[in-house]
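Chemist: Predicted model and sequence below, questions to follow.
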Amino acid sequence: MYKDKGIITAKQFVDELRRYQKGSVTRRHFLGVTGLGLATAVLGGAMPGFRPRKAYAGLSGTLNFTTWPNYFAQENFDNFTKNTGVNINVAIFGSNEEMLAKLQAGSTGWDVFVPTNYTISTYKKLDLIEPLDLKKLPNYDPASQDPRFLGPGTIDGVVYAVPKDWGTTGFIVNTKNVTQNPTSWKEFWDLAQGPLTGKVMVHDYQLTTIGGALKALGYSFNSLDEKELGNAEKLMLETKPHLFGINSDYQPSMRNGDAVMSICWTNDAKQLHADMPEMQYVLGKEGGEIWVDHYAIPKGAPNPDAAYAFIDYLLTPEINAKEIKFHGAPSTDARCNKLLPKEILENPILYPAAEALAPLEFGAAESLTNPLRAEIMARFKAA
Amino acid sequence: MTDSQHSRGVTALLLVPAGVFFFFLLILPMAVVLVFSFGDRADTGGYAPAFTFDNYLNLPARSKAFVNTLTLAPLGTLLTALFAYPMAYFLAVKVSPQWRVTMLVLVMAPFWTSQLLRYYAWIMILGAKGIPNWLSMIGITDVRLINTPWAVLIGAVYGFLPLMVPPIYVSLEKLDKRLLEASADLGATPWKSFLQVTLPLSLPGVATGSMLVFILLMGDYILPQFLGGGKVYFIGNALVDLFLQSRNWPFGAAVSVALVIIMFVTIFFYMRFVLGKSGQRRVALV
């Protein structure tokens, strides 16, 4: 009966279980008890090219990896463990601020984490991040990387982080319920206050929610101007009573039909669209955000050898292609793009047209650390 | 060494583990929070030493969170008690003893599943395709539950019932049934006996259970986060945001101090009121 009503399918359940396991059982445990881990390990072992390599000799122990939800292919991790003997502990985080707060507090025990472009200079300034020894990353080839994405990880000529994948921030629209065909941030907020009242979500993330409001008003995504931010706050506060929710985990509510429009990142849009073709991803025509996530090693990582081996493994084009196919954020690496099927490379959600990309801005370091923006978001949530 | 001196020494020794525990994990962190609450936010977030009352003067900026918490936490506790009491009464008085343990285990059974998973299930049940959909089939349309205070209250009752039932059950179970016979012999109706004998004697159980639930609800952030969807904002959510998002630790510390003071005052008066009242009744009856 539940299945017929579409309340939760077995697949959704497993998705949610994975997504929210950070508070209960580990993914490893889950895979262990369901036998899925063993199954993928056996399958992976049967593939050529995943046999143990010399470079992995001498590794042991555990690797603590901190990343975002739905952002890695378990199959790759199982193979890494199989080839190296290093167990991977995954921690899932909700925001860059949260990662920064944990690293500032110290003694995280993390070996590898996934910072977004605008955080890296702050990590460097606070001395929380290791410069990378590129000799230990033979699979990283700067020449094959899209030069647009090489800036943020390199500070004063030193590489602190290598690109993982990139994406954009727009909004997702369920076209079965929304007939207005919005194309701009202005329409996003207007619809939220009007015909779509009670059915729209924004991120629980100041950078993108304030950024989306700023764009609707014609300002920069990164504005730090008090008056412009004040106007953005006014727009957000006026919209707040009309919102369905303030949550960066919007996939469940969008799938469920509670929400019909939400601020959205590329990879979530791809996952939603793959399962429900009526989900359309829109890049506001005023612009918005383009981002690039990185692999980096924090200061005091307990298992640095494993950390380098792990990053190098994930940057191997074949492995990286599997990652991209799983999470749906586009690759920065031309070698990896060559291995991806046409339907991914031609998917406008992952690879938007050049004119849609042109007005997008990279988030700035100050946009994340600015106390006024932080306080505006807090006031918006507390209102 | 005399016997009494010896036993005093043993007592002191036995208290050392608890003392160390409380000092390092309660008193010391509280002192740190207090110091932080007079500090400044560092440029990139965190704490910078200072001495200022600004953080306390800024507390009204979170007044909505205080109001939400101070209305929904007591209301949730009250509702949980109202639901738990009949359950506990049924278990202690009506259920035959050989079934009692099984039933009590069933009450506790939801605790064996992760709290997050259970709240996740409620997101589905309270969402558009859950209860509101069933209600629309019988003609009640446009009901909205998820991301409202109602959803948070439902979640509170569901989540905390297993904490409220056992203390009430225990106080009802040890109730001397002869008192009820005496009350009936003296002409009281069953309802009157319940109001004048059973209920007052079980109040300590209600008080203990309510305290457990109230304290947890006051500091909760997962429940409002999941079932309130960012629209029902508790002090707990304000703290998570201040420490993990805006990294304004000094202001977060000031909010924490305010929360601790409110809890102390509320619990102090509550305990005096409820326990004082039931204590008097007991004396009168005995």
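Modeler: In hand now; what should we look at? Numbering: from 1, shown residues only, chains lettered A, B, ... in the order given.

Chemist: Pass me the low-pLDDT residue ranges in the chain, would you?
Modeler: Here I'm looking at chain A. Scanning chain A for pLDDT under 70 picks out A:1-57.

Chemist: try chain B instead
Modeler: Judged by pLDDT under 70, chain B has its weakly predicted residues at B:1-3, B:275, B:277-286.

Chemist: Might you enumerate the residues of it proximal to chain A?
Modeler: Residues of chain B lying near chain A by Cβ under 8 Å from any Cβ of the partner chain: B:41, B:43-46, B:61-62, B:64-65, B:114-117, B:120, B:123-125, B:127-130, B:133, B:144, B:146-147, B:229-231, B:233, B:237-238, B:241-248. For glycine as for every other residue, the C-beta is placed from the backbone atoms N, C-alpha and C.

Chemist: how about a cut-off of 7 Å?
Modeler: Contact residues, chain B versus chain A (Cβ under 7 Å from any Cβ of the partner chain): B:41, B:44-46, B:61-62, B:64-65, B:114, B:116-117, B:120, B:123-124, B:127-130, B:144, B:146-147, B:229-231, B:233, B:238, B:241-248.

Chemist: Out of those, which end up buried?
Modeler: Buried residues within the residues of chain B next to chain A, defined by neighbour count using 16 or more other Cβ atoms under 10 Å in any protein chain shown: B:41, B:44-46, B:62, B:64-65, B:116-117, B:120, B:123-124, B:127-130, B:146-147, B:229-231, B:233, B:238, B:241-248.

Chemist: List the ones among those that fall in helices.
Modeler: B:64-65, B:116-117, B:120, B:123-124, B:238 (DSSP state H).

Chemist: domains of chain A?
Modeler: Listed by automatic domain parsing, the domain ranges of chain A are A:2-166+A:292-343, A:167-290+A:351-382.

Chemist: is the last one up against chain B anywhere?
Modeler: This points to domain A:167-290+A:351-382. Yes. Using Cβ under 7 Å from any Cβ, domain A:167-290+A:351-382 reaches chain B at A:198, A:204, A:243-247, A:252, A:256-258, A:369, A:371, A:374-375, A:378-379, A:381-382.

Chemist: Which ChimeraX command selects the buried ones in the residues you listed?
Modeler: In ChimeraX, this line selects whichever of those come out buried by 16+ other Cβ under 10 Å:
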select /A:198,204,243,244,245,246,247,252,256,257,258,369,374,375,378,381,382
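
Chemist: and the spatially closest residue to B:P74 that is not a sequence neighbour, how many residues sit next to it?
Modeler: Distances taken as Cβ to Cβ, 6 or more residues apart in numbering or on different chains place B:F214 nearest to B:P74, at 6.8 Å, with adjacent residues excluded. Burial of B:F214 is recorded as 22 neighbouring residues (other Cβ atoms under 10 Å in any protein chain shown).

Chemist: Out of the domains of chain A, the one nearest B:F90 is which?
Modeler: domain A:2-166+A:292-343 (28.9 Å; Cβ to Cβ).

Chemist: Tell me where the stretch 101-250 of chain B has helices.
Modeler: B:115-126, B:131-137, B:149-173, B:177-185, B:190-193, B:199-219, B:222-228, B:235-240, B:249-285 (DSSP state H, counting those that start in this stretch).

Chemist: contact partners of stretch A:105-114?
Modeler: Under the contact criterion Cβ atoms under 7 Å, 6 or more residues apart in numbering or on different chains, stretch A:105-114 has outside partners A:63-68, A:99, A:102, A:164, A:293-298, A:301-303, A:306-307, A:310-311.

Chemist: what number of residues lie near residue 235?
Modeler: Going with chain A. The burial count assigned to A:L235 is 20, neighbours taken as other Cβ under 10 Å.

Chemist: wrong one, I was asking about chain B
Modeler: Neighbour tally, B:I235, other Cβ under 10 Å: 26.

Chemist: can you check A:N64 too?
Modeler: A:N64 has 21 neighbouring residues, counting by other Cβ under 10 Å.

Chemist: ok, now B:F273?
Modeler: Using other Cβ under 10 Å, the number of residues around B:F273 comes to 11.

Chemist: any idea how far it is from chain A?
Modeler: Going from B:F273 to chain A by Cβ to the nearest Cβ, to the nearest Å gives 31 Å.

Chemist: all strands for the stretch 51-200 of chain A, in order.
Modeler: Here the stretch 51-200 of chain A has its strands, by DSSP state E, counting those that start in this stretch, at A:62-67, A:87-92, A:112-113, A:154-155, A:158-159, A:161-174, A:200-202.

Chemist: just the domains of chain A: most buried one?
Modeler: Ranked by mean neighbour count under mean count of other Cβ atoms under 10 Å in any protein chain shown, the domains of chain A are led by domain A:167-290+A:351-382, which reaches a mean of 20.

Chemist: Geometric centre of the chain: which residue is closest?
Modeler: I went with chain A, as the question did not name one. By Cα atoms, centre = their mean, chain A has its centre lying nearest to A:W68, at 5.5 Å.

Chemist: Oops, wrong one, chain B.
Modeler: B:V213 (1.9 Å).

Chemist: Could you tell me how far B:M271 is located from chain A?
Modeler: Distance of B:M271 to chain A, given as Cβ to the nearest Cβ: 30 Å.

Chemist: quick one: which of the domains of chain A is nearest B:L201?
Modeler: domain A:2-166+A:292-343 (39.3 Å).

Chemist: how distant is that closest one from the center of its chain?
Modeler: Offset of domain A:2-166+A:292-343 from its chain centre (Cα atoms, centre = their mean, to the nearest Å): 11 Å.

Chemist: re earlier: take the buried ones among the residues of chain B next to chain A and keep only those in strands.
Modeler: When these are checked against strands (DSSP state E), the matches are B:R41.

Chemist: Now A:F93. Nearest residue, chain neighbours left out?
Modeler: Nearest in space to A:F93, with sequence neighbours left out and distances taken as Cβ to Cβ, 6+ apart, is A:M99 at 5.3 Å.

Chemist: hang on, I meant A:N337
Modeler: A:S331 (5.6 Å).

Chemist: wait, isn't that neighbour in contact with A:K322?
Modeler: No. Counting by Cβ atoms under 7 Å, A:S331 stays clear of A:K322, with 11.0 Å between them.
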